[in-house]
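**Q** here's my sequence, what's the structure:
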Amino acid sequence: MNRDDILKQLKFLSNPKAIEGMARFGITPERTYGVSIPNLRKIAKEIGKDHNLAQELWESNVRETRILASMVDEPDKVTEEQMESWAREFDYWEICDQCCNNLFKKTKFAYQKCIEWSEKEGEFIKRAAFVLMTVLVVHDKKADDKEFEKFFPIIKREVTDGRNFVKKAVNWALRQIGKRNLSLNKRAIEVAKEIQKIDFKAAKWIATDAIRELTSEAVQGRLKISDKFHDDGSHAK
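**A** Okay, here's the model as predicted:
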């Protein structure tokens, strides 16, 4: 399947009503066909992995082709330059999150970019730093807690960025780190309480929301069961 075939398929699946709905959720690409993510996943499965095609799809600069690019690219062939180039072009939250979740988390540069992008000024490249933290803490099962503890000072530093898509991602990262295990949960709650003392509206919202979830019975109960499961060796039986 080449780029022209893909574009024909996207046009066939085009949904104008979906485009109107996406705008209400801040999905505002310059060009889109309104094709759903499940349908894009089906197309990506048909395509398979293809690094060169991914570059062509990205350059087509349509919402759907860019999301497909993140789905079909080959992580081991992605360069640091490519990640920087794509991230600089993020201009709405969905493409940022899709690239981080579908592709960037699988590259060898993922942890590095969490740190570097957190210092960028652009709203969506900065968001990418915290979305990457979030997906790494969920999907990198083998990572040591120390990898995620490194993110706490960055989170604390950026809580005064009141831009909507940044503060939500900072909050998301803090909550997900705190839901990985009991040890990180305890530390995340401590960090949230430190953030709560910062006299800034965004900081207080980030902290209060995180504390509410991380101290909830649901989260605490699940983490205690999970830690006991690993401690008693049940998973190996």
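**Q** residue 215 contacts residue 189, doesn't it?
**A** Yes: counting by CB atoms under 8 Å, residue 215 touches residue 189, with 6.4 Å between them. To be clear about C-beta, it is placed using only N, CA and C from the backbone, and glycine gets the same treatment.
**Q** tell me the first helix or strand C-terminal of the top helix by length along the chain.
**A** Here the longest helix in the chain is taken by residue count, with DSSP state H as the criterion, and it is helix 123-139. Proceeding C-terminally, helix 123-139 gives way to helix 145-149 as the next helix or strand, assigned by DSSP states H and E.
**Q** list the contacts of that next one.
**A** Defining contact as CB atoms under 8 Å, 6 or more residues apart in numbering, one finds that helix 145-149 is touched by 111, 133, 136-137, 140, 177, 180-181, 183-184, 187.
**Q** got a winner among these for most neighbours?
**A** Neighbour counts for those were taken using other CB atoms under 10 Å; the highest belongs to residue 133, which has 31 neighbours.
**Q** gap between that residue and residue 49?
**A** Residue 133 sits at a distance of 25 Å from residue 49 (criterion: CB to CB, to the nearest Å).
**Q** how about residue 77?
**A** The separation that residue 77 has from residue 49, given CB to CB, amounts to 9 Å.
**Q** thinking again about what came up before, of residue 215 and residue 189, who's got more company?
**A** residue 189 (17 against 13).
**Q** where does this protein dip in pLDDT?
**A** 230-237 (pLDDT under 70).
**Q** how far away is residue 179 from residue 34?
**A** Taken as CB to CB, the span from residue 179 to residue 34 is 33 Å.
**Q** check residue 160 too.
**A** Residue 160 is 36 Å from residue 34, where distance means CB to CB.
**Q** also residue 199?
**A** Noted for residue 199: a distance of 43 Å to residue 34, by CB to CB.
**Q** for residue 129, same thing?
**A** When distances are taken as CB to CB, residue 129 and residue 34 turn out to be 29 Å apart.
**Q** tell me which of those two has more neighbours.
**A** Between residue 129 and residue 34, residue 129 has the larger neighbour count (other CB under 10 Å), namely 27 against 18.
**Q** tell me which residues touch that one, please.
**A** 113-118, 120, 154, 169.
**Q** give me the contact list for stretch 162-174.
**A** Looking at stretch 162-174 with CB under 8 Å, 6+ apart, the contacting residues turn out to be 26, 93, 96, 123-124, 126-127, 129-131, 133-134, 137, 151, 155, 158-159, 161, 188, 191-192, 200-202, 205-206, 209-210.
**Q** now the buried members of those.
**A** 93, 96, 123-124, 126-127, 129-131, 133-134, 137, 151, 155, 158-159, 161, 188, 191-192, 202, 205-206, 209-210 (16 or more other CB atoms under 10 Å).
**Q** can the contacts of residue 129 go into JSON lines with extra columns for neighbour count?
**A** Putting those into JSON lines (neighbours: other CB atoms under 10 Å) gives the following:
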{"residue": "113", "neighbour count": "23"}
{"residue": "114", "neighbour count": "25"}
{"residue": "115", "neighbour count": "14"}
{"residue": "116", "neighbour count": "15"}
{"residue": "117", "neighbour count": "24"}
{"residue": "118", "neighbour count": "26"}
{"residue": "120", "neighbour count": "16"}
{"residue": "154", "neighbour count": "17"}
{"residue": "169", "neighbour count": "30"}
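**Q** out of the residues you listed, which comes closest to residue 40?
**A** Top of the list for closeness to residue 40, among those and by CB to CB, is residue 169 at 22.1 Å.
**Q** and the closest one, how far from residue 75?
**A** In this structure, residue 169 and residue 75 are 22 Å apart, going by CB to CB.
**Q** brilliant, that's me finished.
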